[in-house]
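**Student:** sequence and computational prediction follow.
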Amino acid sequence: MIIVLSKDAMAIQKEQDVVPFRNRVKEYAVKIGMSLVNQTKLITAASELVRNMLKYGGGGSTLIEVISKGRENGIRLTFADKGPGIKDIPLAMQDGYSTGKSLGLGLPGAKRLVSEFDIKSTPGKGTTVTVIKWKNG
Amino acid sequence: MSVNTSKLLQKERKKILELWMKNQLADDSLRDDLMTNEELRVQSDELLTALTKSVNDKNLSNHQSSDFDQVFEILSGISITRARQGYSPRETGAYIFSLKDALLEVLQDEITDPTELFRVSMGISRLLDSFGVTTFETFIKGREEVILRQTDEITEISTPVIQLWDGILGLPIIGTLDSSRTQVVMENLLQRIVETGSSIAILDISGVPAVDSLVAQHLIKTINATRLMGAECIISGIRPEIAQTVVHLGIDLSNIVTKATLASALKYAFSITNLEVRKTVKTKTTF
Ligand SMILES: Nc1ncnc2c1ncn2[C@@H]1O[C@H](COP(=O)(O)OP(=O)(O)O)[C@@H](O)[C@H]1O
Ligand SMILES: [Mg+2]
């Protein structure tokens, strides 16, 4: 069972919001004592997802949670937008697939960088991505 | 007996201005270093004239009335200018609130009927408060413009291209490499390659906190442009945690020369340009 220890919401509307958001994520990761490598993996995944939200979802809201499950502490990040959504999620999750002339590594790369990855999307309604990085994961 | 606010204020305009100027000049926070008293008087007169022309008993309780458009316009102009000149919000606020004091004083002198005095004073007071809010809003907007301009300037100066050796350029990148920044970096680098006739550029990313796919794409783009100019690019300053992250992300840097430190990148650059750095052995010469 996952227990939420703290919650912090932040709206993302413009490119200038990316760095402050990433710094906020890093603060929490440092607070729970996450290793430097895991911190970097988490903020890089966060960076990818928040950029997607801006580029494809027209901005949205994020949630940073410190969670605990058994003995393990971790950070859970939620990215929710009300953009056009993703029609074919397995396709979007493929390495190199991009509708935006970029590398197409954001979604699959973020999945590889975190411990748990979940994506839900309804075309026309929006997209929500949730990731968890355990402190020692 | 009801008072005609519009007429009263127009008639007493000179007196109000004198009082207002007196209030302003008496204030400790007066910035006579930023503006001469004469300029201040002209500015104050312009605002007061616009106000006395537009206010009447109908719109006194309706600050949204378009009658005040000109007043708000002048006021915004003043606040923006002051923000740029370095006035503090308190100083800018004091400007409009000292006008309120002057107006209320004149009303008190001129209106004898207490009910009317109360009605007009309340109206003027509220109107001036909403002017005050406007000054703050525009003041902040003015400051935001300053910040935006500084951000641009920082972007410009934080991407220096330095000559490390004959034919070898160094480019320390500090902070996030977003799209606009990449543009500046790339332009600076390409121009310096031409100017110096360099054949090697070292991009040092020690100061980049995270390399995500966007930053990687920008780096690759810069490297490709450099190659088109006939120069070779080396990336240095890849910290261990960045290296691991980049691999997991799936970014392929295999056809790019990467080095852990700027020193090793420079060493590599020396070796491919057939340069050698040697310790000289000093031998004592005896006579
Ligand atoms: N929040 C989102 N809303 C809508 N579409 C998205 C969103 N995130 C990703 N996508 C789609 O998934 C594709 C793959 O995303 P990603 O792996 O990050 O690669 P890239 O950002 O380089 O295109 C995007 O090109 C886009 O079509
Ligand atoms: Mg992406």
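**Tutor:** Looks like it arrived, so ask away. Ligands and ions are numbered 1, 2, ... in the order given.

**Student:** doesn't residue A:121 belong to a strand?
**Tutor:** Yes - counting by DSSP: H, G, I helix; E, B strand; the rest coil, residue A:121 is located in a strand.

**Student:** next SSE downstream of the helix or strand encompassing residue B:155?
**Tutor:** Residue B:155 is part of helix B:114-157 when elements are defined by DSSP states H and E. Per DSSP H and E, the first helix or strand lying C-terminal to helix B:114-157 is strand B:162-165.

**Student:** and that following strand, which residues are buried?
**Tutor:** Residues of strand B:162-165 classed as buried by neighbour count (16 or more other C-beta atoms under 10 Å in any protein chain shown): residue B:164. Glycine gets a C-beta too; all of them are placed from N, C-alpha and C.

**Student:** run the chain-centre distance for it.
**Tutor:** Strand B:162-165 sits 31 Å away from the centroid of its parent chain (C-alpha atoms, centre = their mean, to the nearest Å).

**Student:** which residues are contacting the helix or strand that comes right after it?
**Tutor:** Using DSSP H and E, the helix or strand that follows strand B:162-165 in sequence is strand B:168-174. Under the criterion C-beta atoms under 8 Å, 6 or more residues apart in numbering or on different chains, residues B:158-164, B:185, B:188-189, B:192-193, B:196, B:198-208, B:262, B:266, B:269, B:273 lie in contact with strand B:168-174.

**Student:** any idea of the mean pLDDT for strand B:168-174?
**Tutor:** In this model, strand B:168-174 has a mean pLDDT of 92.

**Student:** average pLDDT across the next helix or strand after it?
**Tutor:** Counting by DSSP H and E, the next helix or strand C-terminal to strand B:168-174 is helix B:179-196. Helix B:179-196 carries an average pLDDT of 88.

**Student:** what packs against the next helix or strand after helix B:179-196?
**Tutor:** Per DSSP H and E, the first helix or strand lying C-terminal to helix B:179-196 is strand B:200-207. For strand B:200-207, the elements it packs on are strand B:168-174, helix B:213-228, strand B:232-236, helix B:262-272, judged by 3 or more C-beta pairs under 8 Å, 6 or more residues apart in numbering or on different chains; DSSP states H and E.

**Student:** kindly export the second one (C-alpha atoms) in CSV.
**Tutor:** The C-alpha atoms that make up helix B:213-228 are tabulated as CSV, following Å, rounded to 0.1, in the frame of the first residue of the first chain:
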residue,chain,number,x,y,z
SER,B,213,16.2,14.5,-25.4
LEU,B,214,15.7,18.2,-26.3
VAL,B,215,19.1,19.2,-25.0
ALA,B,216,20.6,16.2,-26.8
GLN,B,217,18.9,17.2,-30.0
HIS,B,218,20.2,20.7,-29.7
LEU,B,219,23.7,19.4,-29.1
ILE,B,220,23.6,17.1,-32.1
LYS,B,221,22.3,20.0,-34.2
THR,B,222,25.2,22.2,-33.1
ILE,B,223,27.7,19.5,-33.8
ASN,B,224,26.3,18.8,-37.3
ALA,B,225,26.4,22.5,-38.1
THR,B,226,30.0,22.6,-36.9
ARG,B,227,30.9,19.7,-39.1
LEU,B,228,29.4,21.4,-42.1
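
**Student:** what residues does it touch?
**Tutor:** By C-beta under 8 Å, 6+ apart, the residues outside helix B:213-228 that reach it are A:47-48, A:51, A:102-103, A:105-106, A:109, B:176-179, B:182, B:185-186, B:189-190, B:193, B:201, B:203, B:205, B:208, B:211, B:232-233, B:235, B:246, B:249, B:251, B:253, B:256.

**Student:** now the angle from that helix to helix B:179-196?
**Tutor:** Angle, helix B:213-228 to helix B:179-196, by axes from the mean of the first three to the mean of the last three C-alpha atoms, to 10 degrees: 20 degrees.

**Student:** in helix B:213-228, what's buried?
**Tutor:** By neighbour count on 16+ other C-beta under 10 Å, the buried set for helix B:213-228 is B:213-220, B:222-223, B:225-226.

**Student:** what does the last one give?
**Tutor:** Counting neighbours by 16+ other C-beta under 10 Å, one finds that the buried residues in helix B:262-272 are B:262, B:265-266, B:268-269.

**Student:** so what's the gap between that helix and the chain middle?
**Tutor:** 39 Å.

**Student:** what is that helix packed up against?
**Tutor:** Packing partners of helix B:262-272 (3+ C-beta pairs under 8 Å, 6+ apart): strand B:162-165, strand B:168-174, strand B:200-207, strand B:232-236, strand B:257-259.

**Student:** go on, the shortest one?
**Tutor:** Using 3+ C-beta pairs under 8 Å, 6+ apart as the contact criterion, the secondary-structure elements in contact with strand B:232-236 are strand B:200-207, helix B:213-228, strand B:257-259, helix B:262-272.

**Student:** to ligand 1, which of these lies closest?
**Tutor:** Across the helices and strands packed on strand B:232-236, the minimum distance to ligand 1, taken as C-beta to the nearest ligand atom, is reached by helix B:213-228, at 5.9 Å.

**Student:** report the angle between that closest one and strand B:168-174.
**Tutor:** Going by the same axes, to 10 degrees, helix B:213-228 is angled at 170 degrees with respect to strand B:168-174.

**Student:** ok now helix B:213-228, how far from the chain's centre?
**Tutor:** Helix B:213-228 sits 29 Å away from the centroid of its parent chain (C-alpha atoms, centre = their mean).

**Student:** and the angle for it with strand B:200-207?
**Tutor:** Orientation check (the same axes, to 10 degrees): helix B:213-228 against strand B:200-207 gives 160 degrees.

**Student:** quick check: mean pLDDT of helix B:213-228?
**Tutor:** 93.
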